[in-house]
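Peer 1: pasting the structure only:
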């Protein structure tokens, strides 16, 4: 039988090697995800901590299970304990990671700052790193900067933002400098656009630079 050719120590070494390979691959992938990787790593910290506590106990049980077999070859119970339980832990870690990746917030990209002329409408197209938008709330903070030293444009300025999702217009929202805005995005949306118009009381002919900061799709 195949168990007759395996020693308990060789099974342990194989399992440890498997865990090292999976851990290295997972760490590399989390580093590739950057900020999202940090979030997922935080979620995985709990099951990994539990696994670190349980592993020595499992190893001791397996050793005791093999003592009745002269300690030369692992019994079926020992193999199940050494191989089965780590595989279950890895499966739980994978499920946890998939759930965290599915429901974690996504970064939204808006590009470089845009110049706004008073009463003129510009169209911006936010992007996520996926082919389609998952369902969630598009959250961001408009930040305005003056382009001239004269005039009082920044404080009274208002931004009239009209969201467009796959050609459908959503209710317009009015915000000011450094005021967060949230827009609901339906599941599987292909194209999201933002119509932005600068409005300043008194028609002063203001020109401001607009940056959309802290863009996040909150899920």
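Peer 2: Right, received. Where do you want to start? Just so you know, these numbers come straight off a predicted model, no measurement behind them.
Peer 1: CA only for contacts and neighbour counts going forward, please
Peer 2: OK.
Peer 1: what's the average pLDDT for the helix or strand where residue 30 lies?
Peer 2: Under the criterion DSSP states H and E, the helix or strand holding residue 30 is helix 8-33. Confidence over helix 8-33 (mean pLDDT, whole number) is 69.
Peer 1: also stretch 107-121?
Peer 2: In this model, stretch 107-121 has a mean pLDDT of 91.
Peer 1: in it, what counts as buried?
Peer 2: 107, 108, 109, 110, 115, 116, 117, 118, 119, 121 (16 or more other CA atoms under 10 Å).
Peer 1: can you check stretch 197-213 too?
Peer 2: Those would be 197, 198, 199, 200, 206, 207, 208, 210, 211, 212, 213, for stretch 197-213 by 16+ other CA under 10 Å.
Peer 1: so which of those residues belong to helices?
Peer 2: Of those, none are assigned to helices by DSSP state H.
Peer 1: okay, now residue 30: neighbour count?
Peer 2: Using other CA atoms under 10 Å, residue 30 has 17 other residues around it.
Peer 1: pretty sure it contacts residue 23?
Peer 2: No - Residue 30 is not in contact with residue 23 according to CA atoms under 8 Å; the separation is 10.5 Å.
Peer 1: show me the domain layout of the chain.
Peer 2: 2-104, 107-218 (automatic domain parsing).
Peer 1: contacts for the helix or strand residue 215 falls within?
Peer 2: Element membership for residue 215, per DSSP H and E: strand 207-218. Applying CA atoms under 8 Å, 6 or more residues apart in numbering, the contact partners of strand 207-218 are 104-110, 112-118, 136-148, 153-154.
Peer 1: and it, which strands flank it?
Peer 2: strand 106-107 (antiparallel), strand 114-117 (antiparallel), strand 136-146 (antiparallel) (DSSP bridges).
Peer 1: how about those, which one is nearest residue 166?
Peer 2: With CA to CA as the measure, strand 136-146 is the member of these nearest residue 166 (14.7 Å).
Peer 1: can you list contacts of that closest one?
Peer 2: Identification of contacts with strand 136-146 by CA under 8 Å, 6+ apart yields 153-154, 176-187, 207-219.
Peer 1: next one: stretch 118-130
Peer 2: By CA under 8 Å, 6+ apart, stretch 118-130 touches 106-111, 116, 191-200, 203, 205-207.
Peer 1: same question for stretch 164-171.
Peer 2: 162, 163, 185, 189, 190, 191, 192, 193, 194, 195.
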